[in-house]
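*Asks:* A predicted structure for the sequence below; I have some questions about it.
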Protein chains: 2
Amino acid sequence: MPETTRRTERLPGNRYGNRPTMKDVAARAGVGLKTVSRVVNGEPGVTPDTERRVQEAIDALGFRRNDSARVLRKGRTASIGLVLEDLADPFYGPLSRAVEEVARAHGALLINGSSAEDPEREQELALALCARRVDGLVVIPAGDDHRYLEPEIRAGVATVFVDRPAGRIDADVVLSDNYGGARGGVAHLIAHGHRRIGFIGDMPRIHTAAERLRGYRAAMEDAGIPVEERWMSLGATNPERVRRAAEEMLSGPDPVTAVFTGNNRVTVTVIRVLAEQSRRVALVGFDDIELADLLQPGVTVVAQDAAALGRTAAERLFRQLDGTLVAPERIELPTRLISRGSGELPPAD
Amino acid sequence: MPETTRRTERLPGNRYGNRPTMKDVAARAGVGLKTVSRVVNGEPGVTPDTERRVQEAIDALGFRRNDSARVLRKGRTASIGLVLEDLADPFYGPLSRAVEEVARAHGALLINGSSAEDPEREQELALALCARRVDGLVVIPAGDDHRYLEPEIRAGVATVFVDRPAGRIDADVVLSDNYGGARGGVAHLIAHGHRRIGFIGDMPRIHTAAERLRGYRAAMEDAGIPVEERWMSLGATNPERVRRAAEEMLSGPDPVTAVFTGNNRVTVTVIRVLAEQSRRVALVGFDDIELADLLQPGVTVVAQDAAALGRTAAERLFRQLDGTLVAPERIELPTRLISRGSGELPPAD
DNA sequence: CCCGCATCTGACAACGTTGTCCAGGCTCTA
DNA sequence: TAGAGCCTGGACAACGTTGTCAGATGCGGG
């Protein structure tokens, strides 16, 4: 039978539940306040004997340094903030984790929040993080105007935008090559004989969505294919809308023979729709998807490296904090086309 | 001697980049410090005219309240910590998001960290969060001894463990019914005629892995099937090991005709292995997987509700903080068997 | 024995905010 | 018009930590 402890009655005091402070430790150890501070921070200039006494008092009282007070005094919080769209999205999980790892390597903690693609919430979150005095901010923008961050940046909050560019301010940005990736993906479909190609993407106000659409148009233009309005559908990525959009362009007299999907969520829904079709329709999706290789046919995708995006952004953030960086820069990471079958299906008219 | 030691001048750089404080705002608006505080916090007792003057000064200076100082004064940080295994794991993303939503509803921010399944790192993280004086802590344990949290809990840090129970301390726990879920999943395979059933799971020191194995054993025993040692494989869930384990139990004179996989990562790898087999092997996996319904055959799973786990835990955390709760409790959420085909394949000997 | 020097230690003042408390000035009533 | 009571505004002391600086202590050398 394992020994367990019982939760003792909690004191109602709002003072951190009456936690011991350095003062308490000092009193118990019979030393000065500053000496405790020195021991806690491993500063030199303390006799081994004194140090032992202090350490004993710390253990006996269950003391833990209050970093809030420390932060107040030192001016650095050793924490950075990440504002993203949705932590539950398989694209942002790895990105967040990558940022966390870099932060950890720099001894910083990561505070993150989901904007749920709501510009107002993004701002609210980012500013709340600034109020906590995070040293830096990694933002995946939901809105397109980030002037609200100007005072913060001027005040010294390192800031890097990822996945989408900042709006109306000059700041570091780390992006995937959305335009090029989409263009390549669509060109791939064209190369396999398709001419009527659909595009289903996220809301046009989202930069990545717009860029990918631009890539689609460019590829079509490169091939001299006039794009028809009904082949393109931009909007919310909930399954219902995407399904409707897909079914629409797959029906009628001249249905599309291939579809390019603008992100992972769209791709998943479209795969479901295509599975119900009698005809084989080619598909290339932006963003890689787990198990994409095991479907019949395998799903051809334009993959971006979410972890690399996060890592690059975070590293840049810390370089800003080091003072190594001066001028804002725009970094674009390449995408990679992964052929698995669905993108190589011939047109079936 | 003319030479004197010069004291280094105080560098202004470490003071949040010289941000304006309430004092600065007060000076500019020509009011007292506390009046600014009142305006910032929307407290009553300020003339509209004064309020306007203060607000103008705030905007002009780009003032933002320093929450670190606020926290120090008030004793509550309005933030909670989440220690989980890996944010990049599709199981923990939704869980984390659910915790965040509850926190948000209570006006709190979420700080999270990945333990990478390392008990030491878990402890380090949890204590770092306590040093930041988070109001509460949601922990997905990596280790099996959490006595290190005793002083913190006693000091008033609300604590809830999720997904796996706490080790050697008495605390709130929210779990899935791992035992029952696995038992049901394996029973499902048995009901479809299987007798030689393999089990591939995570490291046995992980509670969920052990419980699921226990469920497997129970189901086998219920059916009067003696379990052979070579049918069971527990260990790291990296693809290499899992693949080896699967291939081993699928070869030899009396290969298994069905496999029960202990979590999402294992399931994904085993799907790959099974796809390469000439025989059809039945499969039931613990944890649902995206696109599981679109594979051939669809993957039958025992699904747990990650979001519900997170939500339940977070709600309980805030009830602790409200003072509504007293005694630690163990909550178990049901799992759900989702038949999609792979679990209904007959044995192919 | 005392001085100089190095090493340790502790008193004290920040850091930026909020809670307490009191001083004026105002309105309202008797 | 005086007194009571309300509103508004500000002085001041925390909160728990760290940086500064000066005082204490010990040691060796003159």
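*Replies:* That came through, no problem.
*Asks:* please, where are all the helices along chain A?
*Replies:* Ranges of helices in chain A, per DSSP state H, are A:22-29, A:33-40, A:48-61, A:67-74, A:92-105, A:119-131, A:150-154, A:178-191, A:207-222, A:239-250, A:264-276, A:306-322.
*Asks:* can you lay out these as TSV showing mean pLDDT and distance to A:Pro346?
*Replies:* In this view, the C-beta of every residue, glycine as well, is placed from N, C-alpha and C. Shown next, in TSV, are the helices of chain A (pLDDT from 0 to 100; distance: least, CB to CB, whole Å):
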stretch	mean pLDDT	distance to A:Pro346
helix A:22-29	92	74
helix A:33-40	92	70
helix A:48-61	91	73
helix A:67-74	91	62
helix A:92-105	96	34
helix A:119-131	95	43
helix A:150-154	91	52
helix A:178-191	98	11
helix A:207-222	97	18
helix A:239-250	97	16
helix A:264-276	95	15
helix A:306-322	96	32
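*Asks:* adding distance to B:Ala209 and mean neighbour count, write those helices out as TSV.
*Replies:* Formatted as TSV, the helices of chain A follow (distance: least, CB to CB, whole Å; neighbours: other CB atoms under 10 Å in any protein chain shown):
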stretch	distance to B:Ala209	mean neighbour count
helix A:22-29	41	18
helix A:33-40	38	18
helix A:48-61	34	15
helix A:67-74	35	19
helix A:92-105	22	23
helix A:119-131	36	20
helix A:150-154	45	18
helix A:178-191	39	22
helix A:207-222	38	21
helix A:239-250	33	18
helix A:264-276	29	20
helix A:306-322	26	21
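*Asks:* B:Gly343 is nearest to which of those helices?
*Replies:* B:Gly343 lies closest to helix A:264-276 among the helices of chain A, at 20.0 Å (CB to CB).
*Asks:* how about the helices of chain A in TSV, adding distance to DNA strand D?
*Replies:* Shown next, in TSV, are these (distance: least, CB to the nearest atom of the strand, whole Å):
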stretch	distance to DNA strand D
helix A:22-29	3
helix A:33-40	3
helix A:48-61	10
helix A:67-74	3
helix A:92-105	20
helix A:119-131	16
helix A:150-154	22
helix A:178-191	45
helix A:207-222	42
helix A:239-250	50
helix A:264-276	44
helix A:306-322	17
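*Asks:* I'd like to know which of these is closest to chain B.
*Replies:* Checking the helices of chain A against chain B by CB to the nearest CB gives helix A:150-154 as the closest, at 3.0 Å.
*Asks:* that closest one and DNA strand C, any residue contact?
*Replies:* No. Judged by CB under 7 Å from any atom of the strand, helix A:150-154 stays clear of DNA strand C, getting no closer than 13.1 Å.
*Asks:* how far is that helix from where the chain is centred?
*Replies:* 22 Å (CA atoms, centre = their mean, to the nearest Å).
*Asks:* equivalent analysis for stretch A:189-200, please.
*Replies:* That offset, for stretch A:189-200, works out to 30 Å (CA atoms, centre = their mean).
*Asks:* again with stretch A:333-347
*Replies:* Remark: stretch A:333-347 is offset 25 Å from the chain centroid, using CA atoms, centre = their mean.
*Asks:* could you tell me the end-to-end distance of it?
*Replies:* Taking CA to CA, to the nearest Å, stretch A:333-347 runs 31 Å from one end to the other.
*Asks:* try stretch A:300-313
*Replies:* When the termini of stretch A:300-313 are compared using CA to CA, they are 27 Å apart.
*Asks:* now do stretch A:143-161
*Replies:* For stretch A:143-161, the end-to-end distance is 12 Å (CA to CA).
*Asks:* wait, does it make contact with chain B?
*Replies:* Yes. Residues of stretch A:143-161 contacting chain B under CB under 8 Å from any CB of the partner chain: A:150-152, A:154-157.
*Asks:* a markdown table for those residues, including distance to B:Arg76?
*Replies:* Conversion of the residues of stretch A:143-161 next to chain B to a markdown table gives the following (distance: CB to CB, whole Å):
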| residue | distance to B:Arg76 |
| --- | --- |
| A:Glu150 | 30 |
| A:Pro151 | 26 |
| A:Glu152 | 24 |
| A:Arg154 | 30 |
| A:Ala155 | 25 |
| A:Gly156 | 26 |
| A:Val157 | 24 |
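*Asks:* between all of the residues you listed, which two are at the greatest distance?
*Replies:* With distances taken as CB to CB, the most widely separated pair in the residues of stretch A:143-161 next to chain B is A:Glu150 and A:Gly156, at 12.4 Å.
*Asks:* what residues does the stretch 201-349 of chain A put near chain B?
*Replies:* Close to chain B, as judged by CB under 8 Å from any CB, the stretch 201-349 of chain A has residues A:268, A:271-272, A:275, A:289-292, A:294-296, A:307.
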